[in-house]
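Novice: here is the input, now give the coordinates:
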Amino acid sequence: MLTQASWFTHPLRVRYQETDQMGVVFHGNYVTWFEIGRTEWIRNAGYSYKEIEANGLLLPVVDLECRYILPARYDDMVIVCTRIGACTPVRVTFESQVRRVGKEEFEAGVFAGSDQLPGELLVEGGTKHVWVNASWQPARLNKVMPELFNLLLTK
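Specialist: This is a model prediction of the structure:
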């Protein structure tokens, strides 16, 4: 089982439609940002959900955790930080953070491998997933896509 892998970050600028009447990001948008982080993490690792699904695998969310610390506001520059928290042949856990950053960190764009995250922590949490086949039966990633499983163990 893998634990405490390095963070991958993806920059986002808060869009007007993501805010509510109070001028802060609507709480449900952070869940979408967690998903963007996971998708970009997988893409950065050399795969796509489309490719994984073409191999007969699905990765539904079975648990979600989200702790709100500080609000993001319209036009803030944030980074979505994602890493593997735990990985077995049947389950994978992604840890997530959303952090407000300055212009310099934001313009640095996507970076991977850092253990020290820049900026101010706004939201933290993550998602737990189970690998299943097209019939929604549990599937062992190490049997269906061993190269992806090995990659997850090394990230």
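Novice: what about the most far-flung residue of the chain relative to its centre, is that helix, strand or coil?
Specialist: The centre of the chain is farthest from one residue, Q21, which by C-alpha atoms, centre = their mean lies 27.0 Å away. What DSSP: H, G, I helix; E, B strand; the rest coil gives for Q21 is coil.
Novice: which one's the longest helix in this protein?
Specialist: If you go by DSSP state H, the chain has its longest helix at helix 28-44.
Novice: who's in contact with it?
Specialist: 8, 10, 12, 18, 48-49, 52, 64, 66, 68, 78, 80-83, 94, 96, 98, 110, 112, 123, 125-127 (C-beta atoms under 8 Å, 6 or more residues apart in numbering). The way it works is simple: take the backbone N, C-alpha and C, and place the C-beta from them, glycine included.
Novice: what's the first helix or strand after it?
Specialist: helix 49-54 (DSSP states H and E).
Novice: the next helix or strand after that next one pairs with which strands, parallel or anti?
Specialist: Once the chain leaves helix 49-54, the next helix or strand it forms, by DSSP H and E, is strand 61-68. As defined by DSSP bridges, the strand partners of strand 61-68 come to strand 120-130 (antiparallel).
Novice: can you name every helix or strand that the following helix or strand past the partner strand contacts?
Specialist: Using DSSP H and E, the helix or strand that follows strand 120-130 in sequence is helix 141-144. If you count contacts as 3 or more C-beta pairs under 8 Å, 6 or more residues apart in numbering; DSSP states H and E, helix 141-144 packs onto helix 146-154.
Novice: contacts for the helix it packs on?
Specialist: L2, A45, G46, Y47, I52, I84, C87, P89, V92, L141, N142.
Novice: ok, the closest residue to the second one other than its chain neighbours to I42 distance?
Specialist: Ranked by C-beta to C-beta, 6 or more residues apart in numbering and with sequence neighbours excluded, the top spatial neighbour of A45 is L151, at 5.7 Å. Spatial separation of L151 from I42 under the definition C-beta to C-beta, to the nearest Å is 10 Å.
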